[in-house]
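Trainee: Have a look at this prediction, sequence included:
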2 protein chains.
Amino acid sequence: MKTGYLQFHPELGNPAKNIEKIKYLLKDKEFDLMVLPELANTGYLFNTKEELIKLSEKAGEGNFYDSLFEIAKTKNAYIVSGFAESDGEKIYNSAMLVSPEGIKGIYRKTHLFYEEKKLFTPGNYGLKTFSISTENETIKIGIMICFDWAFPEAARTLALQGSQIICHPSNLVMPYCQKAMFARAVENRVFVITANRYGTDVSGDKSISFTGGSVLLDCSGNYLASAPIDKDEVFIAGINPGDALNKFINPNNNLFEDRKEEFYYN
Amino acid sequence: MKTGYLQFHPELGNPAKNIEKIKYLLKDKEFDLMVLPELANTGYLFNTKEELIKLSEKAGEGNFYDSLFEIAKTKNAYIVSGFAESDGEKIYNSAMLVSPEGIKGIYRKTHLFYEEKKLFTPGNYGLKTFSISTENETIKIGIMICFDWAFPEAARTLALQGSQIICHPSNLVMPYCQKAMFARAVENRVFVITANRYGTDVSGDKSISFTGGSVLLDCSGNYLASAPIDKDEVFIAGINPGDALNKFINPNNNLFEDRKEEFYYN
């Protein structure tokens, strides 16, 4: 299965330009599953909910969704991308899973970071695993967004649900995650795709910078790719997601069967 | 608080020599808390329970305990060390916490690695946090042993119990743990002391090698020390365990309060 990440610098408040950039970067690429950053069409640094709401979309509707659907159809592929999701009065920091047939799933960020708490409603869907099918295989993928990484329970929950690949749209500002995803991969024996953005958002007298360095790890914790901190990059690797179904690390130790739930959290 | 690890190469089946080595390495050192490797007095590669049982000790009894107690009294310090613990017919891969007043606690390894499953009984005490007091402060520490690291729930449980330092006697054969402990430190905001052994145990036609590289991390994930892979090392750092009581990583995010338990493991 050909899977990867797209790292770029979304321009704050300019979805049309960002969509064009995504189309351009993916134009000559072949893949089955592509992960884009968090809030890939809007940028990140919104000061008010009003600014953000204008750029948000309902799940499975709007220009950004339409554009990703078009790419998914053309490429016969799946895309996971962050976006601002409106649902009535609420806005969620969400990710959409788009298939060649259309919208396949929505995940709403569970653990909101810093000032996101002023803008977004915390995700109410929980952590969810989705099936995706290519010509040759059907596999399960999970989605978590950015700061969700800091809670080991998030990736663990997805892995226990059967996720073989953790798709992780991100707008990381701290330098920890890219290093820590090693643990998420080896403790769960899952593939990890952290698609981060880079660049700086400026709004009034505020600014925030992002750390790039997107990573793709196999389920043994090998970094198959690690992007530059400040450049566009589309990375695509051929992986065998079936490897993640085997939780044995030696003939006697299965990472899931060896769990001793009776001793956890008490 | 002065705390650290002792890394060495225990000689298989030669507790007397190993005790002398530990005494020698700690002779001129001052510390409040010292962590020794897993099975620090016996070595690791036992083929039968019979071989092992001869070298095991009851909790708070025996030559190894007596020697550590003597050091703890002399130094007015705490020591955490791995040992083979006999309890009736059973042998546990345990760690003792020795204070200047004597035995303070026992932890029995929860997650047994590979062929340990043939020799040891899985720990039945669960994961436990202990209070220790120096002249200036009383803090909480947790103990986990070697392969316990691979289960994020182990360190998480100790941290949620209030452990500020995770003491981690180890006999690591894989190269993953020393890197992954970065995640354990930052996801829980705890100090981590992984005291590993190095060298090779040979028994008959079998052998097994250990990866050294003991680490001490602060609760922000900084590696305060990283030992060589094949040399004795006693490392002692002055740390402030109180830092680990603060789970805020910014004014809006507290790593424990932000947990969304309703979405985990389902």
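Mentor: Done, it's in. Numbers count the residues shown, from 1 in each chain, chains lettered A, B, ... in the order given.

Trainee: Strand partners (parallel or antiparallel) of the helix or strand where A:V202 lies?
Mentor: With elements taken from DSSP states H and E, the one containing A:V202 is strand A:198-203. Paired neighbours of strand A:198-203 in the sheet (DSSP bridges): strand A:206-211 (antiparallel).

Trainee: Helix or strand next in line after the partner strand, which one?
Mentor: Using DSSP H and E, the helix or strand that follows strand A:206-211 in sequence is strand A:215-217.

Trainee: If you count neighbours, what's buried in the strand holding A:V202?
Mentor: A:Y198, A:G199, A:D201, A:S203 (16 or more other CB atoms under 10 Å in any protein chain shown). All C-beta spots, glycine's among them, are computed from the backbone N, C-alpha and C.

Trainee: pLDDT for the residues you listed - can I get that in a markdown table?
Mentor: Formatted as a markdown table, the buried residues of strand A:198-203 follow (pLDDT from 0 to 100):
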| residue | pLDDT |
| --- | --- |
| A:Y198 | 98 |
| A:G199 | 98 |
| A:D201 | 98 |
| A:S203 | 94 |
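
Trainee: A:T121: neighbouring residues, count only.
Mentor: Applying other CB atoms under 10 Å in any protein chain shown, we find 17 other residues in the vicinity of A:T121.

Trainee: no wait, A:Y264
Mentor: Number of residues near A:Y264 (other CB under 10 Å) recorded here: 18.

Trainee: Now for the nearest residue to it once chain neighbours are set aside, which secondary structure element holds it?
Mentor: Spatial nearest neighbour of A:Y264, chain neighbours left out: B:E153 (4.0 Å); criterion: CB to CB, 6 or more residues apart in numbering or on different chains. Element membership for B:E153, per DSSP H and E: helix B:152-161.

Trainee: Show me what that helix is packed against.
Mentor: Under the contact criterion of 3 or more CB pairs under 8 Å, 6 or more residues apart in numbering or on different chains; DSSP states H and E, helix B:152-161 touches helix A:152-161, strand B:138-143, strand B:165-169, helix B:177-188.

Trainee: which among the buried residues of strand A:198-203 gets closest to B:I193?
Mentor: Distance to B:I193 across those (CB to CB) is lowest for A:Y198, with 35.2 Å.

Trainee: ok, back up a step: wait, which of the helices and strands packed on helix B:152-161 is closest to A:P251?
Mentor: Closest among the helices and strands packed on helix B:152-161, once you apply CB to CB, is helix B:177-188, at 19.9 Å.

Trainee: Can that closest one be said to contact chain A?
Mentor: Yes. Contact of helix B:177-188 with chain A (CB under 8 Å from any CB of the partner chain) involves B:K179, B:A180, B:F182, B:A183, B:R184, B:V186, B:E187.

Trainee: who does the helix or strand following that helix touch, helix- and strand-wise?
Mentor: Downstream of helix B:177-188, the first helix or strand assigned by DSSP H and E is strand B:191-195. Applying 3+ CB pairs under 8 Å, 6+ apart, we find strand B:191-195 packed against strand B:2-7, strand B:165-169, helix B:177-188, strand B:215-217.
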